[in-house]
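3D model of this:
(chains A and B)
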Protein chains: 2
Amino acid sequence: MIVEIPPRSGTAFRLAKGESLRVIDPEGEQVADLLAFNAEDVAEALSNGRTFDYLERIYLTSGDPLYSNRSTILARITEDTVGRHDFLLTPCSADTFRILYGDAHPHHGCFGNLAQALAPFGIAADALPCAFNVFMNVPVDGETGRIKVLPPLSRPGDHLTIQAEIDLIIGLTACSAGQSNNFRYKPIHYEILPP
Amino acid sequence: MIVEIPPRSGTAFRLAKGESLRVIDPEGEQVADLLAFNAEDVAEALSNGRTFDYLERIYLTSGDPLYSNRSTILARITEDTVGRHDFLLTPCSADTFRILYGDAHPHHGCFGNLAQALAPFGIAADALPCAFNVFMNVPVDGETGRIKVLPPLSRPGDHLTIQAEIDLIIGLTACSAGQSNNFRYKPIHYEILPP
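Residues are numbered from 1 along each chain as shown, chains lettered A, B, ... in the order given. Got it, this is the predicted structure:
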């Protein structure tokens, strides 16, 4: 069953060990921020730093593991029809929109959506790590370290699938930041696949 | 007063608003992992993702702010005689040495040193974020995303100074990972300077 995450919103749910989560971009050029926590102990969370360290690479694709802050593999990417995602940036937030875009009355962003959706699982807003930003296109200039947020390379129907290696709590959004979806706020679809 | 952090060890201390912390590489080619927390509420911690987002750059130097997970500027870099530091990677740990180097009986690394030093301040090991790795030299290939850990560019006496914008708890190490200090485990010096 395919579930729709409406534009600028988010959700959270369990993903059991062995199950897969397919994140689908139904219209193209739309980012989905993805977080993962150990369902048995939510102090164990997705860690971009640990993943970069063990992978020796900042861009992830099919076959790559997603590590936790305790160096456990939480999930593995099993399918990726796009090949470019971001793992550097935190979920967009009211502060992002205030500081970067100068919004006087900013939207609460993916951060607010994730904090609300994950609270029932006992996960505090302060504990939200950098997300794996599916379809987000953030090229890095290796000389200067400058980053740019460009429109995603994803086209309608493109998808990325992760398979859980332990029982997980997942947070997932249809990203709220204009810059990361070419200023067209669209939904995200997802599907849970059995082992 | 200059304080020495012995090779492969770490420490933690308060840095009051307005005070500066100078991190000195006394012998050259030695990394120091630096963490910062809001002294009044340690759930507020250094965030590489927020910093990258607002700075639009992954390499930091003089003048650059260090943001928290709540988008507060914790400190600002006021002096930097090297110009190349890393903010992508988590502190090295027993898992790092086991997974990356295949050590059967691994050292507990900067992560273990920081966890021990920060525990008296009520900071849990699971809450240690990616560090600002002073003097660590991690070039990124912008095309492939590959990263390499190369010997630091720091020479004897090189230093980096941050000035606290709020009262902070600082964690600081003389890094334990051979790869990041050219396999010569050396001390780090630091000095707290009045406002």
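
For the rest of this, base every contact and every neighbour count on C-alpha atoms.
Noted.

Briefly note if the worst-scoring helix or strand of chain A on mean pLDDT comes near chain B.
Across the helices and strands of chain A, mean confidence by mean pLDDT, DSSP states H and E is lowest for helix A:94-101: a mean of 90. Yes: shown here: helix A:94-101 in contact with chain B (Cα under 8 Å from any Cα of the partner chain) through A:95-96, A:99-100.

okay, the angle between the biggest helix by length in chain A and helix A:94-101?
Longest helix in chain A, counting residues (DSSP state H): helix A:109-118. Angle, helix A:109-118 to helix A:94-101, by axes from the mean of the first three to the mean of the last three Cα atoms, to 10 degrees: 180 degrees.

Give me the contacts around helix A:109-118.
A:8-12, A:33, A:90-94, A:123-125, A:128, A:171-177 (Cα atoms under 8 Å, 6 or more residues apart in numbering or on different chains).

which of the residues of helix A:94-101 next to chain B are buried?
Buried members of those, scored by 16 or more other Cα atoms under 10 Å in any protein chain shown, are A:95-96.

Compile the residues of helix A:94-101 next to chain B into TSV and extend it with columns for distance to A:D86.
Below are the residues of helix A:94-101 next to chain B laid out as TSV (distance: Cα to Cα, whole Å):
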residue	distance to A:D86
A:D95	20
A:T96	16
A:I99	20
A:L100	18
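
Next, give me the two most distant ones among the residues of helix A:94-101 next to chain B.
A:D95 and A:L100 (8.0 Å; Cα to Cα).

who's A:D86 bridged to?
Per DSSP bridges, the residues bridged to A:D86 are A:N133.

sorry, back to before: and the average pLDDT for the longest helix of chain A is what?
The pLDDT scores in helix A:109-118 average 97.

and chain A, which residues reach chain B?
By the rule Cα under 8 Å from any Cα, the part of chain A lying against chain B is A:43-44, A:48-50, A:52-54, A:56-59, A:69-71, A:88-90, A:95-96, A:99-100, A:126-127, A:130, A:139-142, A:144-148.

Can you report how many residues lie near A:I77?
20 (other Cα atoms under 10 Å in any protein chain shown).

Next, it: phi, psi?
phi -80, psi 120 (degrees, to the nearest 10).

Show the contacting residues for A:D95.
Taking Cα under 8 Å, 6+ apart, one finds A:106, B:71 in contact with A:D95.

ok, now with 10 Å
Neighbouring residues of A:D95 by Cα atoms under 10 Å, 6 or more residues apart in numbering or on different chains: A:101-103, A:106-109, A:111, B:50, B:54, B:70-72.

what does A:G178 give?
A:8, A:30-31, A:92, A:97, A:101, A:149, A:151, A:184-185.

do A:Y67 as well
A:36, A:44-55, A:73-76.
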